[in-house]
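Student: could you work out the structure for the sequence below:
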Amino acid sequence: MHMRHEVTDVDVKGKKLDATDLETGESKQYRFDKLVVTTGSSPATPFIQGLREALQSGQAMLCKDFNDGKRIVEQTKKAKSIIVIGAGYVGSELAEQLSTRDIKVTLIDALPHVLDNNYDKSVTDQAEAAFRDHGVTLAMNQKVVAFRPETGDDGVEDSKITVVTELDEYTADLVVMGAGFVPNTRLVSSQLRTLGYGAIIVDQYMRASTPNNEILDYVFAAGDCATVHFNPTDSDEYRPLASNAIREAMLIGENIEEPTKEYAGTQATSAVQLYDLSMSSSGMTLDLAQRRRIEADSVTIKENYRPDFMLSTTPVTETLVYDKQNGRILGAQFAAKHDISMAANLISVAIQARFTIDQLASTDMLFQPNFNQPVNYVSQLAMAAVAKRDSELANNEEGASESK
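Tutor: Down below sits the predicted model:
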């Protein structure tokens, strides 16, 4: 164990690296037989005019780890207004928490909707309504182009910062960046095959390869610095999630001596709680599927999670995305004022098992009125997808018959 050491150079083919002791300043070279790269990620800091200066002055802050969280809590104690940039999971949860502390919050994102990468409009509309109900100003579909400092009369007191977008300007006491993450692979990215911003591409045994696609049986990568195999598209993608990192690390432990256990892939299953609204998702949104040029369709229904004769119940909004060609399930999303997190896990299993909407519609699920309807709400969703598909097929056949 070499804690408080910084690796400064890595020679992958030479099987050696240099590291500096941060306590003494001494540098030393180390040799290795196997290399496991788990260097994680850093908050994205896009090249935006004035951002570097805002970060250096403390008027803008990053949010990645526990220490960042502590700094944000401390710095926002006296703040009356805060701008959060990025409406993904990090930014949305930041905006929610800050808005419960009598702080004027503005949430900005270049995408059209809150949580746009994880949910379709049926769910994002509810999330946005919850934000507005709690006084959050939403500036969606607005790309940030500049940060401009605004100082008080003495140059320090009452200092504020202005965020300039393509459409408007917003001023607050502080800005918190939640614009996503980029992999920390600077030391090895030129020596290994990478994707996007430098995520290390790994095979089914978590092994890395050279830029010319030669598999290296002694180099492994996992977590936020590596890709995952995204099952809905059967492709390598960068999806930094703690759940992925844990499974990948366990696989490296099993494959470190020799390849024995293959990676099952991921559906990027996740969940978030905003105020009293619970949301969960797995796989692809319809928008993402269409951008990937998959001939996909979706169905959305709203059903109470348990029978009306119970003393209480609440509706679940649910959307199922599927391939129109073969009925294969591509993704689903759920939102309710009830814990619906396990519904996304069920969909994750269905996607990994390559279920069709017909198979999900006929899957055996329990009934007990304390927990659900006689026909589970996920089953009702799959049945609605089957009914929609069959209706469209019948209409197409009828139209073809009439044209003859």
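Student: pull out the buried residues from the longest helix along the chain.
Tutor: As assigned by DSSP state H, the longest helix anywhere in the chain is helix 377-403. Residues of helix 377-403 classed as buried: 377-386, 388-389 (neighbour count, 16 or more other CB atoms under 10 Å). C-betas here are computed from N, CA, C, even on glycine.
Student: swap in stretch 5-13?
Tutor: Buried positions in stretch 5-13, judged by neighbour count with 16+ other CB under 10 Å: 5, 10, 12.
Student: for stretch 277-289, same thing?
Tutor: 277-289.
Student: ok, the buried residues of helix 377-403 vs Thr38, which is closest?
Tutor: Nearest to Thr38 among these is Val378, at 35.0 Å by CB to CB.
Student: what packs against the lowest-mean-pLDDT helix or strand in the chain?
Tutor: Least confident helix or strand, the chain: helix 377-403 with a mean of 86, by mean pLDDT, DSSP states H and E. Contact partners of helix 377-403 among helices and strands, from 3 or more CB pairs under 8 Å, 6 or more residues apart in numbering; DSSP states H and E: strand 296-304, strand 315-323, helix 341-352, helix 357-361.
Student: buried residues of the last one, list them for me.
Tutor: Neighbour-count burial for helix 357-361, counted by 16+ other CB under 10 Å, picks out 357, 360-361.
Student: what residues are up against Phe371?
Tutor: Going by CB atoms under 8 Å, 6 or more residues apart in numbering, Phe371 touches Arg306.
Student: for it, give its distance to Met383.
Tutor: Using CB to CB, to the nearest Å, Phe371 is found at 19 Å from Met383.
Student: before we move on, what about Gly50?
Tutor: Distance check for Gly50 against Met383: by CB to CB, it reads 53 Å.
Student: Three-state assignment for Asp125, please.
Tutor: Put simply, Asp125 is helix when judged by DSSP: H, G, I helix; E, B strand; the rest coil.
Student: with the one 4 residues further on instead?
Tutor: Under three-state DSSP, the three-state class of Ala129 is helix.
Student: ok, it - how many residues close by?
Tutor: Per other CB atoms under 10 Å, the neighbour tally for Ala129 reads 11.
Student: any idea how far it lies from Thr165?
Tutor: 22 Å.
Student: same check on Glu262?
Tutor: Distance from Glu262 to Thr165, by CB to CB: 45 Å.
Student: now Arg101
Tutor: Taking CB to CB, one finds Arg101 at 25 Å from Thr165.
Student: the two: which is more packed in?
Tutor: Thr165 (18 against 12).
Student: report the contact partners of the more buried one.
Tutor: Thr165 neighbours (CB under 8 Å, 6+ apart): 108, 139, 142-145.
Student: repeat that with 6 Å
Tutor: Thr165 is in contact with 142, 144, counting by CB atoms under 6 Å, 6 or more residues apart in numbering.
Student: which residues touch Val105?
Tutor: Going by CB under 6 Å, 6+ apart, Val105 touches 82, 95, 98-99, 136.
Student: which of the three states applies to it?
Tutor: What three-state DSSP gives for Val105 is strand.
Student: tell me what angle the least confident helix or strand of the chain forms with helix 341-352.
Tutor: 50 degrees (axes from the mean of the first three to the mean of the last three CA atoms, to 10 degrees).
Student: and helix 377-403, how far out from the chain's middle?
Tutor: On the basis of CA atoms, centre = their mean, to the nearest Å, helix 377-403 is displaced by 32 Å from the centre of the chain it belongs to.
Student: and stretch 339-355, by the same measure?
Tutor: 17 Å.
Student: quick one: mean pLDDT over that stretch.
Tutor: For stretch 339-355, the mean per-residue pLDDT is 96.
Student: what does it rub up against?
Tutor: With CB under 6 Å, 6+ apart, stretch 339-355 has contacts from 231-232, 267, 269, 271, 278, 280-283, 316, 329, 332, 334, 360, 378.
Student: next, the buried residues of that stretch.
Tutor: So for stretch 339-355, counting by 16+ other CB under 10 Å, buried means 340-341, 343-344, 346-348, 350-352, 355.
Student: count the residues that sit near the residue lying closest to Gly69 once chain neighbours are set aside.
Tutor: Of all residues not flanking Gly69 in the chain, Cys63 sits nearest, at 6.9 Å (CB to CB, 6 or more residues apart in numbering). Cys63 has 19 neighbours, counted by other CB under 10 Å.
Student: relative to Asn184, how far out is Cys63?
Tutor: In terms of CB to CB, Cys63 sits 16 Å off from Asn184.
Student: with Ala221 instead?
Tutor: Taking CB to CB, one finds Ala221 at 11 Å from Asn184.
Student: compare those two (neighbour count), which wins?
Tutor: Set Ala221 next to Asn184 and count neighbours by other CB under 10 Å: Ala221 wins out with 26 against 18.
Student: isn't that one up against Thr38?
Tutor: No. Taking contacts as CB atoms under 6 Å, Ala221 lies outside contact range of Thr38: 7.1 Å.
Student: my guess is Lys15 contacts Phe32. True?
Tutor: Yes. Counting by CB under 6 Å, Phe32 is a contact partner of Lys15 at 5.5 Å.
Student: and Gln56, what element?
Tutor: helix 51-57 (DSSP states H and E).
Student: and Ile83, bridged to which residues?
Tutor: Ile83 forms beta bridges with Thr106, Val175, as assigned by DSSP bridges.
Student: neighbours around it, how many?
Tutor: Quick note: Ile83 (other CB under 10 Å) scores 26 neighbours.
Student: show the pLDDT at it.
Tutor: Reported pLDDT for Ile83: 96.
Student: also the one 4 residues further on?
Tutor: Note for Ala87: predicted pLDDT of 96.
Student: that one - nearest residue in space that isn't next to it in sequence?
Tutor: Asp109 (3.7 Å).
Student: distance check, that neighbour against Ala127.
Tutor: Distance from Asp109 to Ala127, by CB to CB: 12 Å.
Student: who's more crowded, the two?
Tutor: For Asp109 and Ala127, the more surrounded residue by other CB under 10 Å is Asp109, and the numbers stand at 26 against 23.
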